[in-house]
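**Q** Show me how the following folds:
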Amino acid sequence: SGINAECPLRPGVMGRMHTPGKGISQSALPFKRSVPTWQKLTSEEIKETIYKLSKKGLTPSQIGVILRDSHGVAQVKAITGTKILRILKAKGLSSKIPEDLYHLIKKAVAIRKHLEKNRQDKDSKYRLILVESRIHKLARYYKTKTVLPPNWKYESATASALVA
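**A** Presented below is the predicted three-dimensional model:
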């Protein structure tokens, strides 16, 4: 959407961090922000479902997918007025580290485990460096937004304990 959508060269579009791509794919949100007429679940029922799924250990993204596929909830925000993560934070059920950072750490731990067995895998060594630089960049961002405490630090030795 916006000015850049019509322009074939798309100036000012931010690229990915470690690849040359400047992908244009996006999910299309519904234009109307009102609750669909066919929606039977109330705001409270959806919140209870979110709490129940969170207690099972699911992430906000996984909860959103289950609500969409099994319960027919297109957008939680349209019905409840708040996003899934904010609903969980209000109830005190959100995780200590953000979901995207968690998955990057999980990926780094998996690559490190692979490198223990395959020491000569140069490509994996390189990919590990890229993933860890993404972790540091994201952690720096979350510290400025006070999502993470200012003394939080990613260390490869203790990383496996974070994702266990």
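
**Q** only C-alpha atoms for contact and neighbour calcs from this point on.
**A** Noted.

**Q** The helix-or-strand element of the chain with minimal mean pLDDT: what's the following helix or strand?
**A** In the chain, no helix or strand scores lower on mean pLDDT, DSSP states H and E than helix 3-6, which sits at a mean of 49. Going down the chain from helix 3-6, the next helix or strand is helix 43-55, by DSSP states H and E.

**Q** now the next helix or strand after that following helix against helix 43-55, angle please.
**A** Next helix or strand after helix 43-55 toward the C-terminus (DSSP H and E): helix 60-71. Angle between the axes of helix 60-71 and helix 43-55 is 120 degrees (criterion: axes from the mean of the first three to the mean of the last three Cα atoms, to 10 degrees).

**Q** quick one: buried residues of helix 60-71?
**A** 60, 63-64, 66-67 (16 or more other Cα atoms under 10 Å).

**Q** gap between the residue located most distally from the centre of the chain and Val109?
**A** Computed with Cα atoms, centre = their mean, the maximum C-alpha offset from the centroid of the chain is found at Gln120, amounting to 31.7 Å. From Gln120 over to Val109 the distance is 17 Å, taken as Cα to Cα, to the nearest Å.

**Q** re the thing from before, which one of the buried residues of helix 60-71 is nearest His136?
**A** Pro60 (22.5 Å; Cα to Cα).

**Q** Quick check: that closest one touching Arg86?
**A** No. Contact between Pro60 and Arg86 fails when scored by Cα atoms under 8 Å: they sit 9.7 Å apart.

**Q** ok, now how distant is the residue nearest the centre of the chain from Gly72?
**A** In the chain, the residue lying closest to the centroid (Cα atoms, centre = their mean) is Asp100, at 3.8 Å. Per Cα to Cα, Asp100 is found 25 Å from Gly72.
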